[in-house]
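J.: sequence unknown, structure follows:
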């Protein structure tokens, strides 16, 4: 009798276990997918532009959601920080250490934004995995429009939708393209991105306090308003998380602050890997000691370090792609070749703007706005590092991200 009873209990336990497992599996299959997340980059949109009265659509998202100011990673340039936002790693760790760089694994090639072949070469990007690659690998589809890195098959993976960068594509058409990807529904998107450059372009040409920058802010705001209207027309607005970011801020850069780099060191003895607000220098063979002495001595408006002695707060200098000597300009100063300076005088003979300066300078802070079902209303976050955006994105789209340099903690107060 005891044996029969024990056998009956065992059958009951196994039956309940199988039933519970099947129920859990059925519940998992029927659970709704995470809300759509749209990540929008407003290149060069300084955090305080939000308070100028030019961006009603963006301000409405902020008022009913969360806003903040982000500290960019070093160097505060476009490609390094766009890749930080979607990998959660500092440029020193994801390999995109400047807008212009060299790499031993891609010999004889200089990476730059204008080198379209290099931009689409995964070897420049594969030191880190962007969020859309993790998403695609985990069954969440992404449509990525013009985000740096999206033109390369990183780890052999591309977003479900992507386009080669076309700066001439009208902003309305960019919005409509992403909406068409959303409309396709097969496969349904979990992540989409948009990119707008106007505030950066006009900031460089006319300076951050110019009427032209204010007009550019109104232009990108109109694009956001079009996106919101499109989502509302589709009944998707209330179910969509919108995260608006920028890669860096913008500082005034007068023509009087342009300096010829040949005044620093004999250009016949070096390779300038990068110039501008961040100067990267590699001595030609046989001139190492001479170049080191010339570059590391005091310079007006410029501080230079050997790559292993860059201040720790910049988290920069361990990556093999970082040149042997790195120099940071004082805000408002810009170290370039004579030909670059001459072209600037010819094309834009007026004071303008620049970035790439100390990320801890408030004028380098980038905008952050978040709105949607995941976010609380009326939240203003303290200043946080842009590496913290990646874990937020991973949580929103429901994927397991790679370990990065940031954490969810600094932005958690914005979440419901």
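T.: Cool, the structure landed. The structure presented is a predicted model; accordingly, all values stated were derived computationally and were not measured.
J.: Now do residue 117: how many residues are near it, please.
T.: The local packing of residue 117 (other CB atoms under 10 Å) involves 8 other residues. Glycine gets a C-beta too; all of them are placed from N, C-alpha and C.
J.: In the helix or strand that it is a member of, which residues are buried?
T.: Using DSSP states H and E, residue 117 maps to helix 116-119. For helix 116-119, burial by neighbour count (16 or more other CB atoms under 10 Å) applies to 118-119.
J.: Could you name the helices and strands sitting against it?
T.: strand 110-111 (3 or more CB pairs under 8 Å, 6 or more residues apart in numbering; DSSP states H and E).
J.: Average pLDDT for the strand it packs on, rounded please.
T.: Average pLDDT, strand 110-111: 96.
J.: after the helix holding residue 117, next one along is what?
T.: Heading C-terminal from helix 116-119 (DSSP H and E), you reach helix 131-137.
J.: model confidence over that next one, on average?
T.: 98.
J.: which other residues reach the helix or strand just after that helix?
T.: Sequence order places strand 141-145 as the next helix or strand after helix 131-137, per DSSP H and E. For strand 141-145, the surrounding residues in contact (CB atoms under 8 Å, 6 or more residues apart in numbering) are 131-132, 135-136, 150, 159-163, 174, 177-178, 181-182, 187-195.
J.: Swap in 6 Å and give it another go.
T.: Contacts with strand 141-145, where a contact means CB atoms under 6 Å, 6 or more residues apart in numbering, come from 132, 135, 150, 159-163, 178, 181, 187, 189, 191-194.
J.: So which of those residues sit within strands?
T.: Cross-referencing the contacts of strand 141-145 against strands under DSSP state E gives 161-163, 189, 191-194.
J.: If any of those are buried, put those into a PyMOL selection.
T.: In PyMOL, a selection of the buried entries from the ones in strands among the contacts of strand 141-145 looks like this (16+ other CB under 10 Å):
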select buried, resi 161+162+189+191+192+193+194
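J.: Spatially central residue for this protein, please.
T.: Nearest residue to the geometric centre of the chain (CA atoms, centre = their mean): residue 82, 2.0 Å.
J.: Return the distance of that one relative to residue 352.
T.: 21 Å (CB to CB, to the nearest Å).
J.: cool, residue 188 as well?
T.: The separation that residue 188 has from residue 352, given CB to CB, amounts to 43 Å.
J.: Between these two, point out the one with more neighbours.
T.: residue 352 (23 against 12).
J.: Looks like residue 287 contacts residue 269 (just checking).
T.: Yes: Residue 287 is within contact range of residue 269, at 4.0 Å (criterion: CB atoms under 6 Å).
J.: ok, the closest residue to residue 252 other than its chain neighbours - contacts?
T.: Distances taken as CB to CB, 6 or more residues apart in numbering place residue 207 nearest to residue 252, at 5.0 Å, with adjacent residues excluded. Residue 207 makes contact with 252, 351-353, according to CB under 6 Å, 6+ apart.
J.: among those, who's most crowded?
T.: Going by other CB under 10 Å, residue 353 tops these with 25 neighbours.
J.: Wait, a helix at that one?
T.: No: Residue 353 is assigned strand when assessed by DSSP: H, G, I helix; E, B strand; the rest coil, not a helix.
J.: bridging residues for it?
T.: Per DSSP bridges, the residues bridged to residue 353 are residue 252.
J.: isn't it right up against residue 201?
T.: No: between residue 353 and residue 201 there is no contact under CB under 6 Å: 10.1 Å.
J.: which stretches of the stretch 1-150 of the chain form helices?
T.: Secondary structure of the stretch 1-150 of the chain by DSSP state H, counting those that start in this stretch: the helices cover 2-30, 56-63, 78-87, 91-94, 116-119, 131-137.
J.: quick one: low-confidence ranges for the chain?
T.: Judged against pLDDT under 70, the low-scoring parts of the chain cover residues 1-34.
J.: can you list the domain ranges for it.
T.: Domain assignment of the chain by automatic domain parsing yields the ranges 36-251+359-414, 255-350.
J.: Of those domains, which stretch is the most buried?
T.: domain 36-251+359-414 (a mean of 20; mean count of other CB atoms under 10 Å).
J.: Start and end of that domain, how far apart?
T.: Domain 36-251+359-414 stretches 18 Å from its first residue to its last (CA to CA, to the nearest Å).
J.: Distance from it to the middle of the chain?
T.: 5 Å (CA atoms, centre = their mean, to the nearest Å).
J.: ok, back up a step: okay if I get the ones in strands among the contacts of strand 141-145 as JSON lines plus distance to residue 259?
T.: Below are those laid out as JSON lines (distance: CB to CB, whole Å):
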{"residue": "161", "distance to residue 259": "44"}
{"residue": "162", "distance to residue 259": "39"}
{"residue": "163", "distance to residue 259": "38"}
{"residue": "189", "distance to residue 259": "47"}
{"residue": "191", "distance to residue 259": "42"}
{"residue": "192", "distance to residue 259": "42"}
{"residue": "193", "distance to residue 259": "37"}
{"residue": "194", "distance to residue 259": "36"}
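J.: Mind telling me the two of the contacts of strand 141-145 farthest from one another?
T.: Greatest spatial distance among the contacts of strand 141-145 (CB to CB): 187 and 194, at 19.2 Å.
J.: From residue 371, how far off is residue 378?
T.: The gap separating residue 378 from residue 371 is 11 Å, by CB to CB.
J.: Residue 308 too?
T.: Counting by CB to CB - residue 308 and residue 371 are separated by 43 Å.
J.: How about residue 44?
T.: From residue 44 over to residue 371 (counting by CB to CB), the distance is 21 Å.
J.: And for residue 166?
T.: From residue 166 to residue 371 the distance is 28 Å (CB to CB).
J.: next one: residue 147
T.: In terms of CB to CB, residue 147 sits 20 Å off from residue 371.
J.: Repeat that for residue 103.
T.: 38 Å.
J.: Next: residue 319.
T.: 35 Å.
J.: quick one: residue 341 and residue 258 touch, right?
T.: Yes: if you go by CB under 6 Å, residue 341 and residue 258 touch, sitting 4.9 Å apart.
J.: what touches both of these two?
T.: Counting by CB under 6 Å, 6+ apart, nothing touches both residue 341 and residue 258.
J.: Confirm that residue 224 sits in a strand.
T.: No: applying three-state DSSP, one finds residue 224 to be helix, outside a strand.
J.: pretty sure it is touching residue 57, no?
T.: Yes: between residue 224 and residue 57 there is a contact under CB under 6 Å: 4.6 Å.
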